[in-house]
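*Asks:* What follows is a protein structure lacking sequence information:
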């Protein structure tokens, strides 16, 4: 009887993608609040804004999570202002269509590796902070994309074939940035620790001019909350 009780008390494992930014920090807090045993995953993929990796580690440690960093080299294919130093990060907020900060197939690559780690851990849940409202036009942040990957996840894995489905959770997908911030604050998220700027400096200070900074600033303003972001210059 005792072993049955202990088994019942075990938390379900979840892999949570943590970039070091505002959204993923909120998703981690949400998954923890729901009682999951969270294992956090970050990617060193050659991104321009590498200080986010330090932020991701800090956030994961504060939450008491096992944290893994997978090293990739997406600079080898380039095609994005975040992985190719010859492409400037736009600061005019007037780019038409999908912006140059889109990293080709990034979420597909990240979710695929998260899926593999979930199988190794025997975790049945993956959390990712994609958002279809304030998402800068990235195609791999849309509900249609997540639904398609969910299908793939259970066709392409041993776990899925054996009936142990792995669910992709996107709790922020329909929320505004302001709503995300307010939700995170109720869960105790320290947004001062997060780094979201596309060209943050080595200390993690934001430029205040890129699309990510703009969306973040607007989110705090609309939420009626003081922006705790550290900027390279006074905004």
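*Replies:* Received the coordinates, thanks. The structure displayed is predicted, hence computed values, not measured ones.
*Asks:* who's in contact with the longest helix anywhere in the chain?
*Replies:* Taking DSSP state H as the criterion, the chain has its longest helix at helix 106-121. Contacts with helix 106-121, where a contact means C-beta atoms under 8 Å, 6 or more residues apart in numbering, come from 13, 15, 17, 39, 41, 43, 45, 68, 70, 72, 74, 123-126, 128, 130, 138, 140-141, 145, 149, 153, 156-159, 166, 168. Using the backbone N, CA and C atoms, a C-beta is placed for each residue, glycine as well.
*Asks:* for stretch 226-235, same thing?
*Replies:* Outside stretch 226-235, the residues touching it (C-beta under 8 Å, 6+ apart) are 191-192, 201, 203-208, 213, 216-217, 220-221.
*Asks:* Now stretch 156-172: buried residues?
*Replies:* 157, 159, 160, 166, 168, 169, 170, 171, 172 (16 or more other C-beta atoms under 10 Å).
*Asks:* Per-residue confidence, the residue nearest to residue 103 when sequence neighbours are not counted, what does it come out as?
*Replies:* Leaving aside its sequence neighbours, residue 103 sits nearest to residue 80 (C-beta to C-beta, 6 or more residues apart in numbering; 4.3 Å). Residue 80 is assigned 96 on the pLDDT scale.
*Asks:* which SSE is residue 80 in?
*Replies:* Per DSSP states H and E: residue 80 is located in neither a helix nor a strand.
*Asks:* cool, and residue 90?
*Replies:* Residue-wise, residue 90 maps onto no helix or strand under DSSP H and E.
*Asks:* so how many other residues sit close to it?
*Replies:* With neighbours defined by other C-beta atoms under 10 Å, the count for residue 90 comes to 16.
*Asks:* longest strand in this protein, by residue count?
*Replies:* What stands out as the longest strand in the chain, according to DSSP state E, is strand 37-44.
*Asks:* who does the helix or strand following that one touch, helix- and strand-wise?
*Replies:* The first helix or strand that comes after strand 37-44 along the chain, using DSSP H and E, is helix 51-62. Counting contacts by 3 or more C-beta pairs under 8 Å, 6 or more residues apart in numbering; DSSP states H and E, helix 51-62 is packed against helix 22-33, strand 37-44, strand 66-71.
*Asks:* circling back to that earlier point, need the contacts of stretch 226-235 in TSV (columns: distance to residue 101).
*Replies:* What follows is these, written out as TSV (distance: C-beta to C-beta, whole Å):
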residue	distance to residue 101
191	21
192	23
201	17
203	21
204	18
205	18
206	14
207	12
208	16
213	11
216	14
217	16
220	20
221	22
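*Asks:* how about low-confidence regions in this protein?
*Replies:* 1-9, 93-96, 134-136, 234-235 (pLDDT under 70).
*Asks:* returning to what we had before: can you flag the buried ones in the contacts of helix 106-121?
*Replies:* Buried members of those, counted by 16+ other C-beta under 10 Å: 13, 15, 17, 39, 41, 43, 45, 68, 74, 123-126, 128, 130, 138, 140-141, 145, 149, 153, 157, 159, 166, 168.
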